[in-house]
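[1] Task: produce atomic coordinates for the following.
(3 chains)
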Amino acid sequence: MTYQLPSQQEFSARVLDWYDANARALPWRSLPGQRPDPYHVWLSEIMLQQTTVVTVGPYFDKFLTLWPTVQHMAAAPLDDILTVWAGLGYYARARNLHKCAIDICDKFAGTFPNNREDLLTLPGIGPYTAAAISSIAFDRAEVVVDGNIERIIARLFRIDTALPAAKKPITEYAAHLTPCGRPGDYAQALMDIGATICTPRNPKCAQCPVSVTCTAFAEGDMERYPVKAPKKAKPTRRGVIFWIEAEGGVVLLRRREEKGLLGGMMEFPSSPWQEAAIAPDAALEQLRESAGLNINGPMIHKTLVRHTFTHFHLELQPVVLVMAQKANLSLPGSSWVRPEEFENYALPTLMKKVVTSVQSPQTDFL
DNA sequence: AAGTCGGGGCA
DNA sequence: TGCCCAGACTT
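    Modelled structure (predicted):
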């Protein structure tokens, strides 16, 4: 069976008509046809990378309140950005956000570049985000392809090539369909349709404005698309993490390496995270040597903390050590903090789980 | 092309 | 549980 490509005019008209009647009111979105603030578009697009609209909402509002312009953000310390970003994940985004704000102030005189090529030179802005900002904020007819639009296109044309190899043909189909008029609204409309109608499972084709031109709908095998490469199994890593408390109720925090997993974020001292489990006694001895810490006191085991990262599971055994002495050891990048002050530190969700475990009355054994 | 990089919501 | 999400960056 052969299918005919829908005309760009017919397709985009269906999409834009749907948008005029169904556009969601989102904090970073202007009225249909209106150009929003590029700073708002940029900030929202970075936050929305691999992150849902519902999750981003409160973070977007808080960032705009604290840093209303790109100049404000560029002037802020990176640690402040990380503290407010804490919990949103993919912390390289926060580091690149800060770098990007500085670059815009230094290299573009504080004005957002208004085209895809210049946007691509900025840290944290890749092919998708450059096209999205360019079309949404500057009304340029760029080809915007995110995960939602990938799924829509793959279903419209029943693309059997598996992702990520399918990215190229998908982009070609998308380019054919992208209109010159209202490109920003068109892109946002397709993303809305992907998020609410053309969902990964149980797509609501009865509500879809373009189901009439969808070959997967015609064949009834929508959920087969997009085809994806099989994923690797996640190994489990384990470790012991220490809540070291000194006189006055202060607890030891240290900063992680600038790059890599949870880069630049704060943590409680812990053993390395490896597949082979390590005993708390051995972990403490390692910490004494590596950190030069003279730690002593009885160890109290708290409830195991489980956490899943993108490519491994983690099991951390929290151990509480209350020392009957003053917090007189000072390591570079570490600080003694009272738990009431934790909100002012860049603690990722994993570390907040450790706080919850330690502060719950339950213990494994004494 | 494959691996790294969070966290939450969903069936 | 596994899958997905307005992906970018490194190797």
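[2] Spatially nearest residue to the residue in the stretch 1-150 of chain A positioned nearest to DNA strand B, not counting backbone neighbours?
    Nearest residue of the stretch 1-150 of chain A to DNA strand B, counting by Cβ to the nearest atom of the strand: residue A:89, 2.7 Å away. Yep, even glycine has a C-beta here, placed from its N, CA and C like the rest. In this structure, residue A:89 finds its nearest non-sequential neighbour in residue A:51, 7.0 Å apart by Cβ to Cβ, 6 or more residues apart in numbering.
[3] and if you look at residue A:44?
    Closest to residue A:44 by Cβ to Cβ, 6+ apart is residue A:28, at 3.6 Å.
[4] The residue of the stretch 1-150 of chain A closest to DNA strand B: neighbour count?
    For residue A:89, the neighbour count with other Cβ atoms under 10 Å is 17.
[5] which regions of the stretch 1-150 of chain A lie under the pLDDT threshold?
    A:1-4 (pLDDT under 70).
[6] What are the neighbouring residues in contact with the closest residue to DNA strand C within it?
    Closest approach between the stretch 1-150 of chain A and DNA strand C, counting by Cβ to the nearest atom of the strand: residue A:126, at 2.4 Å. Contact analysis of residue A:126 by Cβ atoms under 8 Å, 6 or more residues apart in numbering lists residue A:120.
[7] just residue A:314 next, same as before
    A:236, A:237, A:238, A:239, A:273, A:305, A:306, A:307, A:308, A:350.
[8] Over to it. Which of the three states is it?
    Per DSSP: H, G, I helix; E, B strand; the rest coil, the local secondary structure of residue A:314 is strand.
[9] which residues does it bridge with?
    Beta-bridge partners recorded for residue A:314 (DSSP bridges): residue A:237, residue A:307.
[10] which bits of chain A sit near DNA strand B?
    Residues of chain A found near DNA strand B (Cβ under 7 Å from any atom of the strand) are A:50-52, A:54-55, A:87-92, A:164-165, A:201-202, A:229, A:232, A:260-263, A:307-311, A:348-350.
[11] How far off centre is stretch A:136-152?
    19 Å (Cα atoms, centre = their mean, to the nearest Å).
[12] What residues sit buried inside it?
    Under the neighbour-count criterion of 16 or more other Cβ atoms under 10 Å, stretch A:136-152 has A:136-146, A:148-152 buried.
[13] Helices along the stretch 251-366 of chain A, start to end?
    For the stretch 251-366 of chain A, the helices defined by DSSP state H, counting those that start in this stretch cover A:280-291, A:349-359.
[14] Nearest to residue A:37 among the ones you listed would be which one?
    helix A:349-359 (29.7 Å; Cβ to Cβ).
[15] That closest one near DNA strand C at all?
    No - if you take Cβ under 7 Å from any atom of the strand as the test, helix A:349-359 misses DNA strand C, and the best it gets is 14.0 Å.
[16] Which elements pack onto that helix?
    strand A:236-246, strand A:305-308, strand A:313-322 (3 or more Cβ pairs under 8 Å, 6 or more residues apart in numbering; DSSP states H and E).
[17] From the contact counts, what lies against the second one?
    The helices and strands touching strand A:305-308, judged by 3+ Cβ pairs under 8 Å, 6+ apart, are strand A:313-322, helix A:349-359.
[18] so which of these gets nearest residue A:297?
    Closest among the helices and strands packed on strand A:305-308, once you apply Cβ to Cβ, is strand A:313-322, at 5.1 Å.
[19] so who does residue A:86 touch?
    Contacts of residue A:86 (Cβ under 8 Å, 6+ apart): A:265, A:346, A:347, A:348, A:349.
[20] give the contact list for the residue lying closest to residue A:324 once chain neighbours are set aside.
    Spatial nearest neighbour of residue A:324, excluding adjacent residues (Cβ to Cβ, 6+ apart): residue A:297 at 6.8 Å. By Cβ under 8 Å, 6+ apart, the contact list for residue A:297 reads A:321, A:322, A:323, A:324.
[21] Show me just the buried residues among those residues.
    Buried among the contacts of residue A:297 (16+ other Cβ under 10 Å): A:321, A:323.
[22] Between the contacts of residue A:297, which has the least confident prediction?
    In terms of pLDDT, residue A:324 ranks lowest among the contacts of residue A:297, with 77.
[23] Hmm, residue A:295 and that residue touching each other?
    No - using Cβ atoms under 8 Å, residue A:324 is not in contact with residue A:295; the gap is 11.7 Å.
[24] Overlap of the contact sets of the two?
    Between them, residue A:324 and residue A:295 share no contacting residue, judged by Cβ under 8 Å, 6+ apart.
[25] about what we covered before: from the helices and strands packed on strand A:305-308, which stretch is densest packed?
    Each of the helices and strands packed on strand A:305-308 was scored by mean neighbour count; the highest is strand A:313-322, a mean of 20, by mean count of other Cβ atoms under 10 Å.
[26] tell me the angle it makes with helix A:280-291.
    Using axes from the mean of the first three to the mean of the last three Cα atoms, to 10 degrees, the inter-axis angle of strand A:313-322 relative to helix A:280-291 is 80 degrees.
[27] Could you export strand A:313-322 as PDB, CA atoms only?
    Extracted C-alpha coordinates of strand A:313-322, given in PDB (Å, rounded to 0.1, in the frame of the first residue of the first chain):
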ATOM      1  CA  HIS A 313      20.900   1.600  40.300                       C
ATOM      2  CA  LEU A 314      22.400   2.800  43.600                       C
ATOM      3  CA  GLU A 315      22.000   1.400  47.100                       C
ATOM      4  CA  LEU A 316      23.500   3.600  49.900                       C
ATOM      5  CA  GLN A 317      23.800   2.500  53.500                       C
ATOM      6  CA  PRO A 318      23.600   5.600  55.700                       C
ATOM      7  CA  VAL A 319      25.600   5.500  58.800                       C
ATOM      8  CA  VAL A 320      25.300   8.100  61.500                       C
ATOM      9  CA  LEU A 321      28.400   9.100  63.500                       C
ATOM     10  CA  VAL A 322      27.900  11.500  66.400                       C
END
